[in-house]
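J.: I need the structure of the sequence given here:
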Amino acid sequence: MATAEMYLSQSADIAARTLGDDTLIMSTLDSTIFVLNSVGTAIWNAADGRTPLSQIVHDRVCSEFEVTDEEAYADAREFIGQLAEHGILRITQEPVSPTEAQ
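T.: As a prediction, this is how the structure comes out:
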């Protein structure tokens, strides 16, 4: 069963700081704070609006951590859904232009 591809971009309405392998993100809209572990940080850093989620999972998650593509993709979808609910990530069905991703 084919699924629509997803593209991720970081919201402009956040403050983020990477400390070691972890990233601390705060939404300036609702002051929600997220602490991303090394897997979440890998996904966050790759959220450029032009790289599909399946490629991020394969290249950044599965290549660095012992997990299958299917398991990592399912976990990533849940993770990005939570960030999108708080306006921290934008999810689109098509790649965005470099100026839109900023």
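
J.: in the chain, which spans are helices?
T.: 38-46, 53-56, 69-85 (DSSP state H).

J.: Buried residues in the longest one, which are they?
T.: In terms of neighbour count (16 or more other CB atoms under 10 Å), helix 69-85 has its buried residues at A72, Y73, D75, A76, F79, I80, L83. Every residue, glycine included, has its C-beta placed from N, CA and C.

J.: Can you give the distance from it to the centre of its chain?
T.: What separates the centre of helix 69-85 from the centre of its chain is 8 Å, taken as CA atoms, centre = their mean, to the nearest Å.

J.: Remind me what it packs against, helices and strands.
T.: On a contact count with 3 or more CB pairs under 8 Å, 6 or more residues apart in numbering; DSSP states H and E, helix 69-85 meets helix 38-46, helix 53-56, strand 89-92.

J.: Averaged pLDDT, that helix. What do you get?
T.: Here helix 69-85 scores 94 as its mean pLDDT.

J.: just the angle between it and helix 38-46, please?
T.: Note on geometry: by axes from the mean of the first three to the mean of the last three CA atoms, to 10 degrees, helix 69-85 and helix 38-46 are set 70 degrees apart in direction.

J.: any idea which of the buried residues of helix 69-85 is closest to G49?
T.: Checking the buried residues of helix 69-85 against G49 with CB to CB, the nearest one is I80 at 12.8 Å.

J.: Which residue is the nearest non-sequential neighbour of the closest one?
T.: The shortest distance from I80 to any non-neighbouring residue, by CB to CB, 6 or more residues apart in numbering, is to L89 (5.6 Å).

J.: So what's the residue count around the one you found?
T.: 21 (other CB atoms under 10 Å).

J.: picking that back up, redo the buried residues of helix 69-85 as JSON lines? Include distance to L19.
T.: As requested, those are arranged in JSON lines below (distance: CB to CB, whole Å):
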{"residue": "A72", "distance to L19": "23"}
{"residue": "Y73", "distance to L19": "27"}
{"residue": "D75", "distance to L19": "22"}
{"residue": "A76", "distance to L19": "22"}
{"residue": "F79", "distance to L19": "19"}
{"residue": "I80", "distance to L19": "21"}
{"residue": "L83", "distance to L19": "18"}
